[in-house]
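Peer 1: Sharing a model prediction with you, sequence too.
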Amino acid sequence: MKKLNYETLKEINYNGYLLEDAPVRVLQFGEGNFMRGFVDYFIDMMNEKANFNSKVTLVQPIGQGSFRLSDIINEQQGLYTLYLQGFQDGKEVREKRIISCVKNCLNSYENWDEVLNMAANKDLRFITCNTTEAGIVYDPTCKFTDAPAESYPAKLTQFLYRRFKNQLPGFIILACELIDNNGKELEKCVLAHAADWNLGEEFIAWIKDENIFCSTLVDRIVTGFPRHEAAKMNEENGYEDNTLDTGEIFGVWVIEGPQSICDELPFKEAGLPIIVTDDHKPYKERKVRILNGAHTSMVLGAFLAGQDIVRDCMYDETILNYMNEAIYNEIIPTLSLSEEDCKEFAAAVTERFKNPFIDHELLAISLNSTAKWKARVMPSLLGYVEKFGTLPKALTTSLASYIAFYRGNELTKDGLKGVNPTTKKEYTIKDDAAVLEFYAQNQGKSNEELVSMVLSNEEFWGQDLTKVDGLEQGVLTALNTIDNEGAMAAMQACLK
């Protein structure tokens, strides 16, 4: 079977959208599945729908090792097939698109001179990046003379300095790493390197005045290369694509920056779900509290009730209604965005959870549930109490489900072993060592004692939750219901 490239597509009379030639206006640090299934998809759509007319050069920011993805991307002339699939507007959806916005991929360690030479490209206007959560860090050991510097912010500083020396304008920089204020953190690191390397006040002023570092919120599950279905997909397509990518149909990109960005990036003209705002935090709060909060508040109880996959939970009337009670009546009333915005997002969340193409295991979501409950659920619970002066029943029950799930009987090197009361099967609880040791040491305590000890553990929550009026008794009541009648009954008790 022939490799995917422009010649092959001509031979098989492919009649979909392709952009064979255009100026490189985007430099992207990060060549992985997520960026190709999210950012590059949006760029490709802007090319087709709004004449953005832009190619992207990818930069692999780390050494290639034995797997040389950049070589595969270049062999395919940047082309790859993207499948977006899921549940949308009540229907199963599967869309296929050949992405043609990528021109090539450079490895920063083998092609650093080529990367730096791109700073002289007058067409280049945008820099996008996703170098993982650990990518945006300040590393004082990096030197200006390194070729290249080890960290991504140091590499970017080297690149920006070359741009500055070419006396060319700066960039709109769109950071996509999964950390708070990713763009601002990246700017801090770049400015620190510029100062440490004594690159001059004029350059520092150019960084601040000529470049827009945008913090962004990205929201799409990209499941990547479909290992088990790739051969079948290639057979159906009539070509071999070794960079196949898959993701969910849902996607939202929130960019914090001036509205002038919309004059250069035609998101609206292309009809894309991209929001430019002067503050992305309310949108992040919406995502964390509704999407992630729904996961964290629902999955542990659902698992104890005998479920294994998120999608299956959406077809159980009690679990679905319990989740909706938490979202619509307890979480949304505490959020700062409009009720209409939040309800629209929540409706999409339910459809995302129903995705027939993703088997999202409850046990996988349960990893590190202590920190997740603190970040994703606790703010909604406390916000509800503050606003209404009473406990939110579903979120209170989610804390009881957390305690019930974490009651293990044997601490091993893999985690704390527990037994599901419904299925009678053993499962492994995975969390920080201190959390697991706490539950292992207190496994013989009564429910009343354990609830008090968990809620008052400030190492877990950053505060003493027994001081929240009625919470200790509310959690104890729900935990007793889980033990005596089952997790399903505890969820049912939350429904009006």
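Peer 2: Thanks, I have it. Residues are numbered from 1 along each chain as shown.

Peer 1: Point out where this protein drops to low pLDDT.
Peer 2: 64-67 (pLDDT under 70).

Peer 1: Strands of that one, residue ranges please.
Peer 2: Using DSSP state E, the strands of the chain run over residues 24-29, 55-60, 80-88, 91-99, 102-107, 126-129, 172-175, 212-219, 245-248, 252-256, 274-277, 410-412, 415-419, 426-429.

Peer 1: Which neighbouring elements make contact with the fourth one?
Peer 2: What it means is strand 91-99. helix 39-50, strand 80-88 (3 or more CB pairs under 8 Å, 6 or more residues apart in numbering; DSSP states H and E). The C-beta positions use only the backbone N, C-alpha and C, and glycine is treated the same way.

Peer 1: tilt between the first one and strand 91-99?
Peer 2: On the basis of axes from the mean of the first three to the mean of the last three CA atoms, to 10 degrees, helix 39-50 is oriented at 90 degrees to strand 91-99.

Peer 1: which parts of helix 39-50 are buried?
Peer 2: Within helix 39-50, the residues scored as buried using 16 or more other CB atoms under 10 Å are 39-48, 50.

Peer 1: what's the closest of those to Ile403?
Peer 2: When the buried residues of helix 39-50 are ranked by distance to Ile403 (CB to CB), Val39 comes first, at 40.3 Å.

Peer 1: hang on, isn't the closest one packed against Cys176?
Peer 2: Yes. Under the criterion of CB atoms under 8 Å, Val39 makes contact with Cys176 at 6.6 Å.

Peer 1: For those two, list the residues in contact with both.
Peer 2: Listed as contacting both Val39 and Cys176 by CB atoms under 8 Å, 6 or more residues apart in numbering are 128, 130.

Peer 1: if we can go back for a sec, let's have the helices and strands packed on strand 91-99 in JSON lines, adding distance to Trp373.
Peer 2: Below are the helices and strands packed on strand 91-99 laid out as JSON lines (distance: least, CB to CB, whole Å):
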{"stretch": "helix 39-50", "distance to Trp373": "31"}
{"stretch": "strand 80-88", "distance to Trp373": "27"}
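
Peer 1: So for Gln158, which of these sits nearest?
Peer 2: helix 39-50 (22.4 Å).

Peer 1: Who are the packing partners of the closest one?
Peer 2: Applying 3+ CB pairs under 8 Å, 6+ apart, we find helix 39-50 packed against strand 24-29, strand 91-99.

Peer 1: could you check the angle strand 102-107 makes with the first one?
Peer 2: Counting by the same axes, to 10 degrees, strand 24-29 lies at 40 degrees to strand 102-107.

Peer 1: which of the residues in strand 24-29 are buried?
Peer 2: For strand 24-29, the neighbour count (16+ other CB under 10 Å) marks 24-29 as buried.

Peer 1: which of the buried residues of helix 39-50 lies closest to Ile98?
Peer 2: For the buried residues of helix 39-50, the nearest to Ile98 is Asp44 (8.8 Å; CB to CB).

Peer 1: need the helices and strands packed on helix 39-50 in JSON lines with distance to Glu7, can you?
Peer 2: Below are the helices and strands packed on helix 39-50 laid out as JSON lines (distance: least, CB to CB, whole Å):
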{"stretch": "strand 24-29", "distance to Glu7": "21"}
{"stretch": "strand 91-99", "distance to Glu7": "14"}
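
Peer 1: Quick one, which of these gets closest to Ser108.
Peer 2: Of the helices and strands packed on helix 39-50, nearest to Ser108 by CB to CB is strand 24-29, at 8.1 Å.

Peer 1: now that closest one, how far from the centre of its chain.
Peer 2: In terms of CA atoms, centre = their mean, to the nearest Å, the centre of strand 24-29 is set 21 Å apart from its chain centre.

Peer 1: That strand pairs with which strands, and in what direction?
Peer 2: strand 55-60 (parallel), strand 126-129 (parallel) (DSSP bridges).

Peer 1: And for the closest residue to Ala326 other than its chain neighbours, the neighbour number?
Peer 2: Leaving out its chain neighbours, the residue that sits closest to Ala326 by CB to CB, 6 or more residues apart in numbering is Ala394, at 3.9 Å. By the measure other CB atoms under 10 Å, the count of residues near Ala394 is 29.

Peer 1: Leaving out chain neighbours, which residue sits closest to Thr131?
Peer 2: Per CB to CB, 6+ apart, closest to Thr131 is Tyr152, 4.3 Å.

Peer 1: which residues touch the one you found?
Peer 2: With CB under 8 Å, 6+ apart, Tyr152 has these contacts: 29, 61, 129, 131, 135-136.

Peer 1: Mind checking which of those are buried?
Peer 2: For the contacts of Tyr152, buried by 16+ other CB under 10 Å: 29, 61, 129, 131, 135-136.

Peer 1: got CSV for these, with distance to Gly383 too?
Peer 2: Shown next, in CSV, are the buried ones among the contacts of Tyr152 (distance: CB to CB, whole Å):
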residue, distance to Gly383
Phe29, 37
Pro61, 39
Cys129, 33
Thr131, 33
Gly135, 32
Ile136, 29
